[in-house]
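> sequence first, predicted model second:
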Amino acid sequence: GESVGLHLPTLSVQEGDNSIINCAYSNSASDYFIWYKQESGKGPQFIIDIRSNMDKRQGQRVTVLLNKTVKHLSLQIAATQPGDSAVYFCAENYDKFYFGSGTKLNVKP
Amino acid sequence: KAGVTQTPRYLIKTRGQQVTLSCSPISGHRSVSWYQQTPGQGLQFLFEYFSETQRNKGNFPGRFSGRQFSNSRSEMNVSTLELGDSALYLCATSKGPNQPQHFGDGTRLSIL
């Protein structure tokens, strides 16, 4: 029969607005986290990472926030552009990497 | 510098056959991890190699195997292919465990 795909949550934003993508991780012992962006037909692209001894890290137009108390990670994208449309994954590392199911970001021009 | 290179990009096989996929890491990267990505299961970890040794293994049957060569290039092999093995197989490399991991664009395997 037809396989059922993961239901990816979708975030729709207007071009120029800020985007916030959230991720709940599972293991309180995870000490390293990465955000990836995956466009159709391509592999995941590294965006930004953060270690557990930090709670915030900034890159170009992106900021990652880590809240270890509630095991929550977020990715903020400033001034979102149509080229930011993609699926975004968080990954946590505890001995190996574990990936979330992803959030689809749809940027409306 | 060159990114992670996976070959071939596309592959069509029939049930029962076997397949070998290749991954060339970024220069200086000694850790190679393999993942299976499907619409139904997302990204599933297959195995990780570091300095030619399997460091970690996911929950896949023994039909899935891999190896790493002295130049850090890695191959994965799937024997006795099943329809459910149709997926995008991704390789990710890093300088070592718990280090920034970078992906190739994958091999799209279709089983007929």
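Sure, I can see it. This is a predicted model, so every value here is computed, not measured.
> A:Asn53: how many residues sit nearby?
9 (other Cβ atoms under 10 Å in any protein chain shown). C-beta here means a position set from N, CA and C on the backbone, and glycine is covered the same way.
> hmm, I was thinking of A:Asn67
Per other Cβ under 10 Å, the neighbour tally for A:Asn67 reads 12.
> for it, which non-adjacent residue is spatially closest?
Ranked by Cβ to Cβ, 6 or more residues apart in numbering or on different chains and with sequence neighbours excluded, the top spatial neighbour of A:Asn67 is A:Asp55, at 7.0 Å.
> wait, the one you found touches A:Leu66, no?
Yes - in this structure A:Asp55 lies within contact range of A:Leu66 using Cβ atoms under 8 Å: 5.2 Å.
> more neighbours, the two?
A:Leu66 (20 against 12).
> run a quick check on the more buried one versus A:Ile48, I expect a contact.
No - A:Leu66 lies out of contact with A:Ile48 (Cβ under 8 Å); the separation is 11.1 Å.
> for the residue nearest to A:Asn67, give its distance to B:Asn98.
Going from A:Asp55 to B:Asn98 by Cβ to Cβ, to the nearest Å gives 19 Å.
> cool, A:Val107 as well?
From A:Val107 to B:Asn98 the distance is 32 Å (Cβ to Cβ).
> neighbour-wise, which of those two wins?
More neighbours surround A:Val107 than the other of A:Val107 and B:Asn98, with 20 against 16 (other Cβ under 10 Å).
> show me what contacts that one?
Residues in contact with A:Val107, defined by Cβ atoms under 8 Å, 6 or more residues apart in numbering or on different chains, are A:12-15, A:19, A:80-85.
> farthest-separated two in those?
A:Ser12 and A:Gly83 (15.6 Å; Cβ to Cβ).
> can you show me the strands along chain B?
Remark: strands assigned in chain B by DSSP state E are B:5-7, B:10-13, B:19-24, B:31-38, B:42-50, B:53-57, B:64-68, B:74-78, B:87-94, B:102-103, B:107-111.
> what's the closest of the ones you listed to A:Lys71?
Here strand B:42-50 is closest among the strands of chain B (Cβ to Cβ), at 18.7 Å.
> who's in contact with that closest one?
Outside strand B:42-50, the residues within contact range by Cβ under 8 Å, 6+ apart are A:6, A:44, A:89, A:96-102, B:30-38, B:54-58, B:60, B:64, B:66-68, B:74, B:76, B:89-90, B:96-97.
> of those, grab the buried ones for ChimeraX.
Restricted to buried positions by 16 or more other Cβ atoms under 10 Å in any protein chain shown, the ChimeraX selection for the contacts of strand B:42-50 reads:
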select /A:44,89,96,97,98,99,100,102 /B:30,31,32,33,34,35,36,37,38,55,60,64,66,68,74,76,89,90,97
